[in-house]
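[1] Test case, fold it:
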Amino acid sequence: MQKVVGLLFSKDRAMQLDAALSSLALHCLDMESIDLKVIWTCSGLSNEQQYQELANNYPSVTFIRQSNFPEQVLANIAGYEYVLFLVDDNIFVRNFSIHTVIENLSNNQDVLGFSLRLGTNTIFCYPLNREQQLPVFTVIVPEFLKFDWTAAQYDFGYPLEVSSSVYRVKDIAAILQHNPFFNPNTLEIALDTNKASFDSQKKFLLCSKHSYTFCNPVNKVQTIINNRSGEAYSYSPNKLSEMFTQGYRINVEAYRDFIPNGCHQEVELKFKKAAGSSQSHYLPPKVSVIMPVYNAQDYLREAIDSILSQTFIDFEFIIIDDGSTDNSLPIIKSYADPRIRLIRNETNLKLITSLNKGMNLAHGKYIARMDADDISLPDRLAKQVDFMDQHPDIAVCGTWVELFGKPCEQTSWHFTDNPAIAKCILLFGCCLAHPSAMIRRTVLESGFCYSYSYPHAEDYGLWVQIARNHNIASIPQVLFKYRLSDSQKSAKEAQQVLDGTAKIQLEQLNRLGIEPTQQECLLHLTIGQCQFPPDISFAHGAFTWLSKLKTANSQLNYYPEPTFTNVLRMYWTKVCQSLVNAL
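    Okay, the predicted model is just below:
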């Protein structure tokens, strides 16, 4: 008779159950030592068929449809010495031996169980959404740690759980035979309620130095307890069920050697096509990169290669050829990468139309900009995605920029990472490098787009629109290279930039309740461009104007204080410095 029985609980999550089973098989070095049983339930015919498919795919695993849950649990652990509890959102990430786990439990009779999910890496308690203190560990054998759970915090002080721990059956059965439970959640409640019965003789737990597994709580299927979980539609049980039917599975190899920061951690699901599956389905990418192209043959390959060689790979690359008459289109067509979506404008529709067209076609959660003569550094997308994931309040994220292509007084552009400062600076000019931008698609779906009112200043106008109700910022790291070209803008285009900039600034001044004179508009534009004539009269005029802005804001509180005053001081300092430099 085998010593270890594994009970894995699942409901309406065949996709995640497959990942739990396949990752366990991948990383448990002696899987044959576990008599693994899945107790499952579902709420529809489609889900039932998926569980039957998994039962066929895993013939060594016993699939038991849930009926009388308490009787099924007690009956299926009877006759075994140890029980391994698992749930369907487990993902195993590291090799382990169940025999070694049992051996160390046997050699430490003062230990209640062995947690496969705890380790020195689990410094965050996901259910409580807070950091947790590591207990005092004792090394019992290399890689195995022992700690006092009665004196521990949060997850470390929660010794009886059903998501990834091994216990002695006699200890578990003694509790369950005298306490009511009717599903996995109430089973865990019954165990936790009675943990005090062990705090004298079995006050210790074992774990590995690093977690063998973690739970990825991207969705929730039970309503008994209001557990914290992800809410992304693309990871909903129904969506994952649909993808399962279409032949997709979670690629558990992608998580090999991953070190989670907690027993539960939401991570991106990586999918692959199931072996033998002929069905196809377009999975929305995390990022849509939009790059308009017009007669850019000289530098186009560098730009395309810089995107295709990104360390982050879950993206679509929407290249819009805007009626090019040079060799740009053949260059684009020479690439066979399936992530490229070539859109061809039969005539030259210009930048604003192409950009709006690209945004309407984008499927990604985030939309990244790219220009056809610039270069994205290899980890640009990865770092911007991570930043946006970690800062859900940020609507637009740019980066610092390295300048190249021809000699210039500056070598780089640095932009603020403070959203409050960014909003204030927008009153004076653009504060984010357009081709380095990444935008949250949900923000654009609320009605924002590039405006034809500001030709050649369309990005500045968009950032001002968005910043009225959302935060924008830049990552303080060079992740993008901006090419300075020998071909300068025409005089007409340069004037359009100035006209668009002045119009955007005037609209912002009006929001402050200011109706500036033409001379004041010119003064404001000059201050924003930091093109100061080094004379006292200009300095006096600048001080008067900046003071007027401060007074107007004190009445309407449109810009955050004291940030706004500090930004005004920054521009005043630049004006004064120009006088100092003239001496």
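[2] just for this protein, where's the confidence low?
    Within the chain, the stretches with pLDDT under 70 are 1-2, 222-234, 275-283, 486-491.
[3] Assess the claim that residue 471 and residue 395 are in contact.
    Yes: between residue 471 and residue 395 a contact is recorded at 6.0 Å, counting by C-beta atoms under 8 Å. Any C-beta I mention is one placed from the backbone N, CA and C, and that applies to glycine too.
[4] Neighbour count: the two, which is higher?
    residue 395 (24 against 17; other C-beta atoms under 10 Å).
[5] does the more buried one really touch residue 473, like I thought?
    No: contact between residue 395 and residue 473 fails when scored by C-beta under 8 Å: they sit 9.3 Å apart.
[6] mind checking how far the lengthiest strand in the chain is from the chain centre?
    Criterion DSSP state E: the longest strand present in the chain is strand 471-483. Chain-centre distance of strand 471-483: 18 Å, with C-alpha atoms, centre = their mean, to the nearest Å.
[7] list the buried ones in it?
    Neighbour-count burial for strand 471-483 flags 471, 472, 473, 474, 475, 478, 479, 480, 481, 482, 483 (criterion: 16 or more other C-beta atoms under 10 Å).
[8] which of those residues lies closest to residue 503?
    When the buried residues of strand 471-483 are compared for distance to residue 503 (C-beta to C-beta), residue 472 comes out closest, at 19.9 Å.
[9] picking that back up, how about the buried residues of strand 471-483 in JSON lines, adding distance to residue 429?
    Converted to JSON lines, the buried residues of strand 471-483 look like this (distance: C-beta to C-beta, whole Å):
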{"residue": "471", "distance to residue 429": "18"}
{"residue": "472", "distance to residue 429": "14"}
{"residue": "473", "distance to residue 429": "16"}
{"residue": "474", "distance to residue 429": "14"}
{"residue": "475", "distance to residue 429": "20"}
{"residue": "478", "distance to residue 429": "21"}
{"residue": "479", "distance to residue 429": "22"}
{"residue": "480", "distance to residue 429": "19"}
{"residue": "481", "distance to residue 429": "22"}
{"residue": "482", "distance to residue 429": "16"}
{"residue": "483", "distance to residue 429": "21"}
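[10] hey, where'd the strands end up in the stretch 301-450 of the chain?
    315-322, 340-345, 366-369, 375-376, 394-404, 412-413, 438-440 (DSSP state E, counting those that start in this stretch).
[11] could you dump these to TSV with distance to residue 203?
    Formatted as TSV, the strands of the stretch 301-450 of the chain follow (distance: least, C-beta to C-beta, whole Å):
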stretch	distance to residue 203
strand 315-322	50
strand 340-345	60
strand 366-369	48
strand 375-376	54
strand 394-404	45
strand 412-413	57
strand 438-440	48
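[12] Quick one, which of the ones you listed gets closest to residue 465.
    Closest to residue 465 of the strands of the stretch 301-450 of the chain is strand 394-404 (C-beta to C-beta; 10.4 Å).
[13] bridging residues for residue 86?
    For residue 86, the beta-bridge partners under DSSP bridges are residue 8, residue 164.
[14] Counting neighbours, what do you get for it?
    There are 26 residues near residue 86, going by other C-beta under 10 Å.
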